[in-house]
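need a 3D model of the sequence below.
(chains A and B)
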Protein chains: 2
Amino acid sequence: MMNANANPVVDLSTQLSAELAAKTMPAGALGELIPLAHRIGMILNTVRPEILEPSMIVFVADHGIAKSGVSAFPQEVTWQMVSNFLHGGAAVSVFARCHGFALQIVDCGVAHEFEPRLKALSSFSDRKIALGTADCSLGQAMSSEQCLAAIQIGRDLIRQQNGNTLMFGEMGIGNTSIASLLTAILTKQPIEVVVGRGTGVDDAGLARKINVLKRSLVAHSALLVAPSLTPSETFELDPHRLLCAVGGFEIAAMVGAFLEAKASGKLVIVDGFIVTAALLVAQRIDPRVVDQCVFAHESEEPGHRFALAHFEARTVLRMGLRLGEGTGAALALPMVRAAAAMLRDMATFESAAVAGKSA
Amino acid sequence: MMNANANPVVDLSTQLSAELAAKTMPAGALGELIPLAHRIGMILNTVRPEILEPSMIVFVADHGIAKSGVSAFPQEVTWQMVSNFLHGGAAVSVFARCHGFALQIVDCGVAHEFEPRLKALSSFSDRKIALGTADCSLGQAMSSEQCLAAIQIGRDLIRQQNGNTLMFGEMGIGNTSIASLLTAILTKQPIEVVVGRGTGVDDAGLARKINVLKRSLVAHSALLVAPSLTPSETFELDPHRLLCAVGGFEIAAMVGAFLEAKASGKLVIVDGFIVTAALLVAQRIDPRVVDQCVFAHESEEPGHRFALAHFEARTVLRMGLRLGEGTGAALALPMVRAAAAMLRDMATFESAAVAGKSA
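Below is the predicted model:
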């Protein structure tokens, strides 16, 4: 065991590597589970990590841009899916029971008034800011006050979590459009290469989606270029102004959740395209938020690749998922648990009295 | 729902596809989980599958070929790892606790007499055939009687399982050599491209391993070529004679386990290189054994790729594993559970009253 006093950060990393190298297996034989275990140890700040009371928070809101025909599904699917989440029939609900984690659904701004019976459920949080954002292809999606309120939702919810491991999910018809805008802007990619079919628009729908998003970029061009800068000056995009421009409430709430996860030292298993777009924004506010994260999976949505490349992320799974709801994080949770358990509980060659590699 | 009377096999497949297409998600949004769920439904013969009492049986034996210096680790690691399995310190033991499955260790022929204290454990089965096989690079690895006894071990153990889901693991210094011989012969590949570094031999060790395996192929060439055949005749390799030639006891036991899994309609999550080599042999005895299988992961051992290609297998995970012990199957189990739960419990658009895709 290394001396843990001198430089605690460097030493924990070295300790973790030494601990993993001593486990009763040929060097590297557990493949990608080994760097995953190392990262979990770094995030939870221990060589004996344990995944405690993992919880999934699904942030839900509607988007004005949905009225511009960017989705294959009608907007009422947002509230109908909230009901499906709460009744246990959605994919993420099934995975919550199957893999044993708490599931909380948060209305950040759904364009529907839920019936009192649903609102009374302990797994539902009513934090509705408005009945959806405004259409960002025509102007600001939300006011500065709404944006700060949405960020506060995420912060408040994370402060209420007892466990050390978080997953964020999302639902909101139109939100792959918003995530595409954020990802294109923050990874400096053309919108055409970032946009995908979301819930499954056809070729005509995809062309319409791209046109609406181009119109959105034009509407907010004042935010994206700083005309008076000399070449030697750098232009810093204001992440709050960007959020106000495009939305949405659930994405801003996840930004707050990431910020609070960093503040409270919790591990976040990052789901797919929408959640990673929120992380791109959160990183602009506090670059250290990424230190808390493991990346669950590589989505089929093309924009996710650019976001993952931006974070130089190695994902736990690659299974062609593109559902959202936090389902990718939910499916990666058992792997995170296994990696932590391996680091915590697996014997070393010395402790198990197993002979090492021959000279 | 389709009419289930006419042709039950065709109809179950159609029913499963219809059921999966009706789930509350955009078409195909759960990626590889969807064909996995379909396959599980076919294997367990229901549109409402449930993974019940999954169990892992780790088959352990020694190999005479280990004395020829084909492994990076000394032979005593085999029995030392049995002790590690039983004391809960091995990777597969950790995963058993983490993911909730029963773990049974079977001595099929370890070159060591275990102490009575270990042999008394309920998780240990003493079915030792001999203190390891003979060196197959010099002659027959096992007699016909030993081979049949080893196959019977697997059959007996599967008959004792209450659950509907099985995983097989293995341990035996030298067994990547045996798996390489079986895979090269049964997938008709040159031994050089199939052989890998196993537990981590260096370049000199790899060259030695290849030489020993070439010598083994020469020693058993009478088995592999039928000199008197005319070009129009096909030569059927006898799988029992092949097993007798190269071994090993744990591989023959897994052949029996696969055969019995088919007979009893149980699902098998197939681990890595060694287990898949046993499946190659089992398939020669009963081609239908493959119908019971889902493939857990693609091992780093190069031979595994050829075996997977032979089965046209789509693996659940690709994580660079190469440990054996059944660890790949153990890590894939939560995904199998999630796929089954999704098929069984997820709501349909109709049952959840969620609007479908817009016209």
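
the stretch 201-350 of chain A: helices as residue ranges?
Listed in chain order, the helices of the stretch 201-350 of chain A (DSSP state H, counting those that start in this stretch) span A:203-219, A:221-224, A:239-246, A:249-263, A:273-285, A:302-310, A:327-345.

show me the one of the ones you listed that comes nearest chain B.
helix A:327-345 (3.4 Å; CB to the nearest CB). From N, CA and C alone the C-beta is placed, and that goes for glycine too.

including mean neighbour count, could the helices of the stretch 201-350 of chain A go into JSON lines?
Formatted as JSON lines, those follow (neighbours: other CB atoms under 10 Å in any protein chain shown):
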{"stretch": "helix A:203-219", "mean neighbour count": "17"}
{"stretch": "helix A:221-224", "mean neighbour count": "13"}
{"stretch": "helix A:239-246", "mean neighbour count": "22"}
{"stretch": "helix A:249-263", "mean neighbour count": "28"}
{"stretch": "helix A:273-285", "mean neighbour count": "26"}
{"stretch": "helix A:302-310", "mean neighbour count": "21"}
{"stretch": "helix A:327-345", "mean neighbour count": "26"}
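
now those in JSON lines, with mean pLDDT and distance to B:R215?
Output for the helices of the stretch 201-350 of chain A, formatted as JSON lines (pLDDT from 0 to 100; distance: least, CB to CB, whole Å):
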{"stretch": "helix A:203-219", "mean pLDDT": "96", "distance to B:R215": "60"}
{"stretch": "helix A:221-224", "mean pLDDT": "84", "distance to B:R215": "69"}
{"stretch": "helix A:239-246", "mean pLDDT": "96", "distance to B:R215": "66"}
{"stretch": "helix A:249-263", "mean pLDDT": "98", "distance to B:R215": "58"}
{"stretch": "helix A:273-285", "mean pLDDT": "98", "distance to B:R215": "53"}
{"stretch": "helix A:302-310", "mean pLDDT": "97", "distance to B:R215": "48"}
{"stretch": "helix A:327-345", "mean pLDDT": "98", "distance to B:R215": "38"}
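
any chance of those in a markdown table, plus distance to B:G272?
Converted to a markdown table, the helices of the stretch 201-350 of chain A look like this (distance: least, CB to CB, whole Å):
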| stretch | distance to B:G272 |
| --- | --- |
| helix A:203-219 | 40 |
| helix A:221-224 | 50 |
| helix A:239-246 | 45 |
| helix A:249-263 | 35 |
| helix A:273-285 | 31 |
| helix A:302-310 | 27 |
| helix A:327-345 | 16 |
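
save the ones you listed as TSV, and put in distance to chain B too.
As requested, the helices of the stretch 201-350 of chain A are exported to TSV (distance: least, CB to the nearest CB, whole Å):
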stretch	distance to chain B
helix A:203-219	9
helix A:221-224	30
helix A:239-246	22
helix A:249-263	18
helix A:273-285	12
helix A:302-310	13
helix A:327-345	3
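
which one of those lies nearest to A:A102?
Proximity to A:A102 (CB to CB) singles out helix A:327-345 among those, at 11.6 Å.

for the closest residue to chain B within the stretch 51-200 of chain A, which three-state class applies?
Across the stretch 51-200 of chain A, the shortest distance to chain B (CB to the nearest CB) belongs to A:G89, at 2.7 Å. Using DSSP: H, G, I helix; E, B strand; the rest coil, the structure places A:G89 in coil.

what's the distance between the nearest residue to A:A296 once chain neighbours are set aside and A:F101?
Nearest non-adjacent residue to A:A296, counting by CB to CB, 6 or more residues apart in numbering or on different chains: A:A332, 3.7 Å away. Separation of A:A332 from A:F101 (CB to CB, to the nearest Å): 11 Å.

same deal with A:A29?
A:A29 is 29 Å from A:F101, by CB to CB.

low-confidence stretches in chain A?
A:1-10, A:225-235, A:359 (pLDDT under 70).

run the last query once more with 80
For chain A, the stretches with pLDDT under 80 are A:1-10, A:224-236, A:358-359.

residues touching the one residue sitting closest to the centre of chain A, list them.
Among the residues of chain A, the one closest to the centroid is A:V275, at 3.0 Å (CA atoms, centre = their mean). Contact partners of A:V275, counting by CB atoms under 8 Å, 6 or more residues apart in numbering or on different chains, are A:168-170, A:254, A:326, A:329.

closest one to A:F349 out of those residues, please.
A:A329 (34.1 Å).

pretty sure that closest one is in contact with A:M56, am I right?
Yes - using CB atoms under 8 Å, A:A329 makes contact with A:M56 at a distance of 7.0 Å.

check the offset of stretch A:251-262 from the chain's centre.
Remark: stretch A:251-262 is offset 9 Å from the chain centroid, using CA atoms, centre = their mean, to the nearest Å.

surely A:G132 meets A:V60?
No - in this structure, A:G132 is not within contact of A:V60 by CB under 8 Å, at 10.8 Å.

quickly list what's touching both of the two.
With CB under 8 Å, 6+ apart as the test, A:G132 and A:V60 both reach A:V110.

ok, now which ones touch the residue nearest to A:A309 when sequence neighbours are not counted?
Computed as CB to CB, 6+ apart, the closest residue to A:A309 that is not its neighbour in sequence is A:T187, at 7.6 Å. By CB under 8 Å, 6+ apart, A:T187 lies in contact with A:194, A:280, A:306-307, A:309-310.

so how far is A:C244 from A:A277?
15 Å.

again, but for A:A149
12 Å.

same question, A:A96
Counting by CB to CB - A:A96 and A:C244 are separated by 33 Å.

A:M25 against B:L323, yeah?
Yes - here A:M25 reaches B:L323: they are 5.2 Å apart, a contact under CB under 8 Å.

related to what we said a few turns ago, which among the helices of the stretch 201-350 of chain A is found nearest to B:L118?
Using CB to CB, the nearest of the helices of the stretch 201-350 of chain A to B:L118 is helix A:327-345, at 19.8 Å.

report the angle between the closest one and helix A:302-310.
30 degrees (axes from the mean of the first three to the mean of the last three CA atoms, to 10 degrees).

distance from the chain centre to helix A:327-345, please.
17 Å.

quick one, it and helix A:273-285 angle?
Using the same axes, to 10 degrees: helix A:327-345 against helix A:273-285 is 70 degrees.

just the CA atoms of helix A:327-345, as CSV, please.
The C-alpha coordinates for helix A:327-345 follow below in CSV (Å, rounded to 0.1, in the frame of the first residue of the first chain):
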residue,chain,number,x,y,z
THR,A,327,-32.6,3.4,-19.8
GLY,A,328,-29.0,3.3,-20.8
ALA,A,329,-27.8,4.3,-17.3
ALA,A,330,-30.2,1.8,-15.8
LEU,A,331,-28.7,-1.0,-17.9
ALA,A,332,-25.2,0.1,-17.0
LEU,A,333,-25.9,0.1,-13.3
PRO,A,334,-25.2,-3.6,-12.8
MET,A,335,-21.8,-3.2,-14.5
VAL,A,336,-21.0,-0.3,-12.2
ARG,A,337,-22.0,-2.4,-9.2
ALA,A,338,-19.9,-5.3,-10.4
ALA,A,339,-16.8,-3.1,-11.0
ALA,A,340,-17.1,-1.6,-7.5
ALA,A,341,-17.7,-5.0,-5.9
MET,A,342,-14.6,-6.4,-7.8
LEU,A,343,-12.4,-3.6,-6.5
ARG,A,344,-13.9,-3.9,-3.0
ASP,A,345,-14.2,-7.6,-2.4
